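> Quick check, what structure comes out for this input:
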Amino acid sequence: MPSNKNIEAVKNLTEKLDKAKAIYFTDYIGLDVVSITKLRKEFVAKDVEFTIAKNTLIKLAAKDIGMDGLDDFLNGPTAMALSYDEPTDPAKVIKNFLKDFDKPAVKGMILDGQVFQGEEFEKIANLPSKEQLLSKLVGMLNSPMSKLSSTLGSPISGLLGALEQLNSKKGS
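This next block holds a predicted model:
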C-alpha cells in the first residue's frame, strides 16, 4: 500500500505535468551542489521549475493524465524542468548552462503533448522564442504596407515637385 507521502507526491506531480507546456527530463548526476544551485537560479530567472522526483512517481502521475512515451526517459536519476509559459525557455537555460558544464544531459522532452527524444534537444534549443516570432511576424506584415504607402505616395510627390518647379518658373 502506498504511503501518504507518495500519494501526495503523485498528486502534486500530476498537477505540474498537466499544467506544463514543456517538460524536459534530464540526468543531473555528476553536478555538485554549487552547480545545481546555479542551474536552479537560472531556471527561476526564466520562470521554469526544476524538480527531482522518483521515476515510479513520475510514471504514475503521467499515467493519471494519459501521458505516454516516457519509459525511455525514466531510467536512472531524473530531474524535470517544467515550463508553464514559454516551451523553449528550459532548453535555452540548459543550452547556456552546458557551455560551462557537461551536465545536465537531456533524456527527452514533451512540448505541448508531443514527445521528443533527447537527440532533438539542440533543434529545440535553437528555436526562437514566442516574442521573437511575433516581432518577426509584425515586421513581415508591416513591410508590404509601408511599401504600398511609399508606392502610392510616389506619384503624388512627383506631381507636387513638378507643380512647384512650374510655379517657380512662372514666378521668375
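
> Skip the chain neighbours and tell me the closest residue to the spatially most central residue of the chain.
Closest to where the C-alpha atoms of the chain average out (C-alpha atoms, centre = their mean) is Thr88, at 1.5 Å. Closest residue in space to Thr88, ignoring its immediate chain neighbours: Leu127 at 5.0 Å, by C-beta to C-beta, 6 or more residues apart in numbering. Yep, even glycine has a C-beta here, placed from its N, CA and C like the rest.

> buried set for the helix or strand harbouring Ser35?
Secondary structure assigned from DSSP states H and E places Ser35 in helix 33-45. Buried residues in helix 33-45, counted by 16 or more other C-beta atoms under 10 Å: Ser35, Ile36, Leu39, Arg40, Glu42, Phe43.

> Work out the gap between it and the centre of the chain.
Taking the mean of its C-alpha atoms, helix 33-45 sits 18 Å from the chain's own mean (C-alpha atoms, centre = their mean, to the nearest Å).

> which element follows that helix toward the C-terminus?
Following helix 33-45 toward the C-terminus (DSSP H and E): strand 48-52.

> now that following strand: how far from the chain's centre is it?
15 Å.

> which residues sit against that strand?
Contact with strand 48-52 is made by 16, 28, 39-40, 43, 77-84, 89-90, 93, as judged by C-beta atoms under 8 Å, 6 or more residues apart in numbering.

> Need the max-distance pair from the residues you listed.
Taking C-beta to C-beta, the two most distant members of the contacts of strand 48-52 are Pro77 and Tyr84; they sit 23.7 Å apart.

> Got the phi and psi for the residue nearest to Thr88?
Main-chain dihedrals, Leu127, degrees, to the nearest 10: phi -70, psi 140.
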